[in-house]
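# Quick one, fold the following:
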Amino acid sequence: VQVVESGGGTVQPGGSLRLSCAASGFTFSKYHMNWYRQAPGKERVLAAAITSTGDRTEYDDSVKGRFTISRDNAKNMLYLQMNNLKPEDTAVYYCHADRTCSGHICEILDSWGQGTQVTVSS
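Have a look, this model is predicted:
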């Protein structure tokens, strides 16, 4: 099981970045997926989540209206489009393979990538 993030970098306030996460070693299309982020000196927090089919998404209030999580199950890829970036978005962003559920029964995978650094600075 492996998830590998890419696409981080340094951008000016108001700019955009698109993060990608390549998944392998598990049936990607069956698993709910998340993007977490961890700012310097702070705890890791959930930024965005998407169901296995992509029919539902959730966002932390701090990124609503600016970030969009999406997935391509045919390519085993997860994405995070980040627009109107702010300095407070500076963090390491982590791809997380969460769980697959059938009815009320869930199998937890809990697999993390190594993270990709996003820095928003003028």
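
# pLDDT value on the closest residue to Phe67 other than its chain neighbours, please?
Sequence neighbours aside, Met82 is the residue nearest to Phe67 in space, at 5.1 Å (criterion: CB to CB, 6 or more residues apart in numbering). Glycine gets a C-beta too; all of them are placed from N, C-alpha and C. With respect to pLDDT, Met82 scores 98.

# Please, where are all the strands along this structure?
Secondary structure of the chain (DSSP state E): strands located at 2-6, 9-11, 17-24, 33-38, 44-50, 57-59, 67-72, 77-82, 91-102, 105-112, 116-120.

# so can I have CSV of those showing mean neighbour count?
Shown next, in CSV, are the strands of the chain (neighbours: other CB atoms under 10 Å):
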stretch, mean neighbour count
strand 2-6, 17
strand 9-11, 14
strand 17-24, 19
strand 33-38, 22
strand 44-50, 19
strand 57-59, 15
strand 67-72, 18
strand 77-82, 22
strand 91-102, 19
strand 105-112, 12
strand 116-120, 18
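
# middle-most residue in this structure, spatially?
Trp35 (2.2 Å; CA atoms, centre = their mean).
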